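Novice: here is a sequence together with a model predicted from it:
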Amino acid sequence: MLSQLDHIVLLTRNFQSAIHDYEILFGFGPDEFSNHHGFQTALFRTNNTSLEILAPQSEAAISRTGEILGKAPSRLTSLAFGAHDLTEVHRVLKRRGGEPTDISSAFRLSDEVCAGVKTFIVSENALPREKNIGLDHLVINTPNPDRAIAHYGARLGIRFALDRKNTDWGARFLFFKLGDIVLEIIHRMDQEHDLLAPDELWGLTWKVDNIAVHHARLSQQNVTLSEIRTGRKPGTQVFTVKSHTDNIPTLFLMGKG
């Protein structure tokens, strides 16, 4: 039904700073800019999805941004999934209780139904496969794993690939796979939760072909990094990016992530 994760939205108060950070992080600039509804956007296309940086321009947009971000400088707020047949997907999601808006060039699902994650369905787009970086997985924190399974698996129809508990980490991991991207949904078992609280788009792991090259490139740009280390999954190497991410927990990964 859904064919791709078309883009992720990063809402920020400082548009130019965020663009500068991700130009350094990716090693290339935005592919397009736009303005709509009092917001300005810059779109970075990777080889399997896009990151849209969104910042307010109008007074109303600034006020709305403050409501969403609170004291945070920025956060991931939205997911946009691509579909080959918008009309059919709209019909199915209406029957499955997604409460979709009317179709224009895209449509939106109910925030409440999507556990607070702003969710859009757009027409499928071609991807620039020549880019040397792509998204391996997106991390979502949830207080309610059963709700997440029902939403991402049953309602959106994304393949539910793995359900694993790790007592050493005090967490339950749910993996949903769409194309070559994984939605990694984490439930912290060692914490008390309000089951009605919203989910949180939390972190991004970017996959590259040569991790040493990217580590050296970013080090030369004065980005704060961890050392390259063995990843949790056998056959992978990772490093943590500690600056130039606009407040988003970020890893780079090479291997079978």
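Specialist: Arrived safely, thanks for sending. Note that the structure is predicted; figures quoted are calculated from it, not measured.

Novice: how much space separates Asn47 from Asn132?
Specialist: Using C-beta to C-beta, to the nearest Å, we find Asn47 at a distance of 7 Å from Asn132. Bear in mind the C-beta positions are built from the backbone N, C-alpha and C, glycine included.

Novice: can you give me the neighbour number for His187?
Specialist: Applying other C-beta atoms under 10 Å, we find 20 residues neighbouring His187.

Novice: adjacent strands (with direction) for the helix or strand where it lies?
Specialist: In the assignment (DSSP states H and E), His187 maps to strand 181-188. Strands adjacent to strand 181-188 in the sheet, as given by DSSP bridges, are strand 133-141 (parallel), strand 171-178 (antiparallel).

Novice: winner for burial among the ones you listed?
Specialist: Comparing those by mean neighbour count (mean count of other C-beta atoms under 10 Å), strand 133-141 ranks first with a mean of 21.

Novice: what average pLDDT does the following helix or strand past that one get?
Specialist: Later in the chain than strand 133-141, the nearest helix or strand by DSSP H and E is helix 145-148. Helix 145-148 comes out with an average pLDDT of 97.

Novice: still on that earlier bit, for the strands paired with strand 181-188, give me TSV that also has distance to Leu54 and mean pLDDT.
Specialist: Shown next, in TSV, are these (distance: least, C-beta to C-beta, whole Å; pLDDT from 0 to 100):
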stretch	distance to Leu54	mean pLDDT
strand 133-141	17	97
strand 171-178	22	97
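
Novice: these into JSON lines, with extra columns for distance to Val238?
Specialist: As requested, the strands paired with strand 181-188 are exported to JSON lines (distance: least, C-beta to C-beta, whole Å):
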{"stretch": "strand 133-141", "distance to Val238": "10"}
{"stretch": "strand 171-178", "distance to Val238": "16"}
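
Novice: lovely, talk soon.
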